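Chemist: Here's a sequence, model it:
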Amino acid sequence: MAIRELRFMGDPVLREKALAVAEVTAELRALIADMFDTMYAEEGVGLAAPQVGVGDRVIVIDARDDDVPPFALINPQIVHFGEELERDEEGCLSIPGLKEIVERPAAVRVEAIGIEGERVEIEAEGLLARILQHEVDHLDGILFVDRVSTLKRKMLLKRWQKVKPE
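Modeler: Sure thing, here's the model as predicted:
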């Protein structure tokens, strides 16, 4: 497959709401394979289609957990958020060089379509729940910097001007 060019904060595609995928096709499977290649090349744990310039509701995840094999989700929706919140550091392949503590629900339930067109439901907690929320946010045009306080966001955006790729 192929490694696709990443889009960085400031690219309009990252702020657009991705469109639902109507059917699983060979072209979609090729996109997913490219997304895995790109995610691994950049040493990420998740990647959303908008991050490679495609406005489809598709994500790939590899939490680097022996109990959870890598997977792709089409049209994922978070249908339940746990009540308990966790704070942990997040970064993003589309905002290299920046990390910040983000508070998110510790557990989620996600419904989606799998790569074979089957209905998928995932109950996740901890790191996997965080990755799912982060990637679904991308599909809605939300970046992790939107999930921090106004003051921290201003500091991050100022730092981004110094470290962003040309």
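
Chemist: Please state the backbone phi and psi of residue 5?
Modeler: Phi and psi for residue 5, reported as degrees, to the nearest 10, are phi -70, psi 130.

Chemist: quick one, what contacts the residue nearest to residue 28 when sequence neighbours are not counted?
Modeler: Excluding the flanking residues, the one nearest residue 28 by Cβ to Cβ, 6 or more residues apart in numbering is residue 21, at 6.4 Å. Every residue, glycine included, has its C-beta placed from N, CA and C. Neighbouring residues of residue 21 by Cβ atoms under 8 Å, 6 or more residues apart in numbering: 28, 56, 57, 58, 74, 75, 113.

Chemist: I'd like to know which elements the longest helix along the chain is packed against.
Modeler: Counting by DSSP state H, the longest helix found in the chain is helix 26-41. Packed against helix 26-41 by the contact rule (3 or more Cβ pairs under 8 Å, 6 or more residues apart in numbering; DSSP states H and E) you find strand 46-48, strand 58-61, strand 71-81.

Chemist: Turn those into a markdown table, columns for mean neighbour count.
Modeler: Below are the helices and strands packed on helix 26-41 laid out as a markdown table (neighbours: other Cβ atoms under 10 Å):
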| stretch | mean neighbour count |
| --- | --- |
| strand 46-48 | 28 |
| strand 58-61 | 28 |
| strand 71-81 | 18 |
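
Chemist: Point me to the helix or strand that includes residue 90.
Modeler: strand 85-91 (DSSP states H and E).

Chemist: can you pull the buried residues of the helix or strand that comes right after that strand?
Modeler: Next along the chain after strand 85-91, taking DSSP H and E as the criterion, comes strand 99-105. Going by neighbour count (16 or more other Cβ atoms under 10 Å), the buried part of strand 99-105 is 100, 102, 104, 105.
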